[in-house]
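Chemist: model this:
(2 chains)
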Number of protein chains: 2
Amino acid sequence: MPAELHNDTFLRACLRQPTSHTPVWLMRQAGRYLPEYKATREKAGNSFMGLATSPQYATDVTIQPLDRYALDAAILFSDILTVPDAMGLGLSFGAGEGPRFARPVRDEAAVAALRFDIDSLRYVFDAVTSIRNALNGRVPLIGFSGSPWTLASYMVEGAGSDDYRLVKAMLYSRPDLMHRILATNADAVTAYLNAQVDAGAQALMIFDSWGGVLADGVFQRFSLDYTRRVVAGLKREADGRRVPVIVFTKGGALWLDEIAEIGADVVGLDWTADLGEARARFGDKVAFQGNLDPAVLFAPPEVVARESVAVLERFGRPQRPDGTWDGHVFNLGHGISQHTPPDHVTALVEAVHAHSRRQRQPA
Amino acid sequence: MPAELHNDTFLRACLRQPTSHTPVWLMRQAGRYLPEYKATREKAGNSFMGLATSPQYATDVTIQPLDRYALDAAILFSDILTVPDAMGLGLSFGAGEGPRFARPVRDEAAVAALRFDIDSLRYVFDAVTSIRNALNGRVPLIGFSGSPWTLASYMVEGAGSDDYRLVKAMLYSRPDLMHRILATNADAVTAYLNAQVDAGAQALMIFDSWGGVLADGVFQRFSLDYTRRVVAGLKREADGRRVPVIVFTKGGALWLDEIAEIGADVVGLDWTADLGEARARFGDKVAFQGNLDPAVLFAPPEVVARESVAVLERFGRPQRPDGTWDGHVFNLGHGISQHTPPDHVTALVEAVHAHSRRQRQPA
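Modeler: This is a model prediction of the structure:
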């Protein structure tokens, strides 16, 4: 029997229901900008995967930002590349480097050999259950995955890339192969997210981190169509509550009209998007999450507070004149930087809570 | 007395005048993907600035792609960072690295000390004149500069950046300082481009390569306003012909309505933009340049041809039913990659010329 949820503001905002304040959480909120995170990582052999594969360490670092800040949601500590790793690609994180796959997928034989071994991801689902228990109803827990396209770009490139040369060459030269990878990924991501719900996740987020590097027309066929397929296959209820789905395409503001139509409850926006315009056009279909530039957090706390208020004002008072509500979840437009001074985050969270309560006062 | 211009297709398309075919040139067309470029660079001590500061070498590498491909325009071989270098920041290119400034601009004293010594850029203007003479009327010569914001981001960061941490911290913390840098840059860029016109440039392009990293609202105040100021100060006629101005903001498709209003003749688009929609909305105000994904050039020549035709079809037949013309200059959506096989460019240029002539046939 799961603990009663004490703060459901995040879930309510996702579903465009009335809230007393605008909920806030930060992408990558459990991360290197926090000294306590670095201390736990040290204990785990200074290894990212050492943290992610231990349900106890994953729980510890997931909870850390909640102990420091009045955040309204927790997010599973993990990596988007666990899914390709469970397809046998051999994920590693070199010291001071990004992720790397030992066996990238670059030809027909490699595509044909892809098998998703979800059982090898037991450590993720155990972490979800462990975090959910540790939260004990404090705030909801968000599970997540990379989008089929974003995973495919890592699988083909074998690592991060500046120009996406290999994956785009395959996409343009062998679209049939690319579609096979994407279909495999869509099935895997769907199963992976549903297993997170079974393990205790109360909301789901799909990170299409690299959708924005695709050409107009190509994005729709090679990224959005497969994200839509995932969304259609997700369990949307658990413990008698709706499990909201958030879709975030970095650089996707251009395609907002199409992204808003794929069945997600919430669309994540980066800082290039006009949040007020997004609300005016699609606020009756979806809630929005975002969209402060993470670089604002390098400025002094009073600037952080002022810019956070500006984002809230851009969205506007969430109650509409007709009494219905639009949904806004405050977040950054991208993951928080490791160079962020932790006390600047305090200023952000306090400003969002205080100002959004004021916004809800009768005029 | 300058030579008569034999192929003015590019200039005509920029000005939305009738053309027999869609003109094509490629950003960074004189570059490392060409063996003849590498050979010349070798002669210049394998140094980028060795090429750029020698009017003869700059002329040679500018002309090289025209000898290989039927391109409709030449662009000055130079770097956008010549302007900050002429402000005393000490530009260098380390082996295998990007550009670096010895004296980045990070405080009030450094901002106050900025002086633009245009006379130190004599080598650029000499290169323009030399190239113009070498072209001898073959195709028009485009001069260029970085935008005030793009230059500012290099000046503050001191080098390329992933997260623009230093320049954005200054922008948010000390907007007054940032505005002073941008005003200085706008004056310098205006003078620099006008001197290129005096030296023989027949069109001008402003590269706002980093405009797209700014937040909505911030882009308008810290990038677009200063690009507008530059455009307003440019000489728009030389040798009795209009000098078209192209403005290219990478990642700027979101803000197309505002970019189309700053007085440029042509707006450059990256591959995320929908060229057909751009034309439908703003084709009566500006011409468009773009927008093939440079990664298409990694695919086989038949795919390159097919995707190039798709871009032309997305724009559509440039004659409108009322007999007036909209303007399209074919280009990539970003600079050509050093990994491009040179013969794939042949396929691109031939496809653009052949198909665009067919498009102009009576239906």
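Chemist: can I assume residue A:180 is in contact with residue A:111?
Modeler: Yes. Assessed by Cβ atoms under 8 Å, residue A:180 is found in contact with residue A:111 at 5.3 Å. In this view, the C-beta of every residue, glycine as well, is placed from N, C-alpha and C.
Chemist: please say which of the two ends up with more neighbours.
Modeler: residue A:111 (20 against 16; other Cβ atoms under 10 Å in any protein chain shown).
Chemist: helix/strand/coil for the more buried one?
Modeler: helix (DSSP: H, G, I helix; E, B strand; the rest coil).
Chemist: what's near enough to touch it?
Modeler: A:105, A:177, A:180-181, A:184 (Cβ atoms under 8 Å, 6 or more residues apart in numbering or on different chains).
Chemist: with residue A:195 instead?
Modeler: Residue A:195 makes contact with A:118, A:121, A:124-125 under the criterion Cβ under 8 Å, 6+ apart.
Chemist: does it count as helix, strand or coil?
Modeler: Residue A:195 - assigned by three-state DSSP - is helix.
Chemist: residue A:183 versus that one, what's the distance?
Modeler: Residue A:195 sits 19 Å away from residue A:183, going by Cβ to Cβ, to the nearest Å.
Chemist: what does residue A:200 give?
Modeler: 28 Å.
Chemist: same check on residue A:248?
Modeler: From residue A:248 to residue A:183 the distance is 22 Å (Cβ to Cβ).
Chemist: over to residue A:27?
Modeler: From residue A:27 across to residue A:183, the span is 27 Å (Cβ to Cβ).
Chemist: ditto for residue A:7
Modeler: 39 Å.
Chemist: give the bridge partners for residue A:291, please.
Modeler: residue A:331 (DSSP bridges).
Chemist: among residue A:248 and residue A:183, which residue is more densely surrounded?
Modeler: residue A:248 (26 against 13).
Chemist: OK, contacts around the more buried one?
Modeler: Here residue A:248 is in contact with A:205-209, A:267-269, A:289 (Cβ under 8 Å, 6+ apart).
Chemist: show me what from chain A comes close to chain B.
Modeler: A:163-165, A:168-169, A:172-173, A:212, A:214-219, A:251, A:253-254, A:271-275, A:291, A:293-296, A:298-300, A:303, A:307, A:310, A:314, A:333, A:337, A:339 (Cβ under 8 Å from any Cβ of the partner chain).
Chemist: swap in 7 Å and give it another go.
Modeler: A:163-165, A:168-169, A:172-173, A:212, A:215-216, A:253-254, A:271-274, A:293, A:295-296, A:298-300, A:303, A:307, A:337, A:339 (Cβ under 7 Å from any Cβ of the partner chain).
Chemist: quick one: which of the residues you listed sit in helices?
Modeler: Here DSSP state H is the test, and the residues of chain A next to chain B give A:165, A:168-169, A:172-173, A:303, A:307 as lying in helices.
Chemist: Serialize the contacts of residue A:248 to a markdown table and add fields for neighbour count and secondary structure.
Modeler: A markdown table is the format used below for the contacts of residue A:248 (neighbours: other Cβ atoms under 10 Å in any protein chain shown; DSSP: H, G, I helix; E, B strand; the rest coil):
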| residue | neighbour count | secondary structure |
| --- | --- | --- |
| A:205 | 23 | strand |
| A:206 | 25 | strand |
| A:207 | 21 | strand |
| A:208 | 26 | strand |
| A:209 | 20 | coil |
| A:267 | 24 | strand |
| A:268 | 27 | strand |
| A:269 | 24 | coil |
| A:289 | 30 | strand |
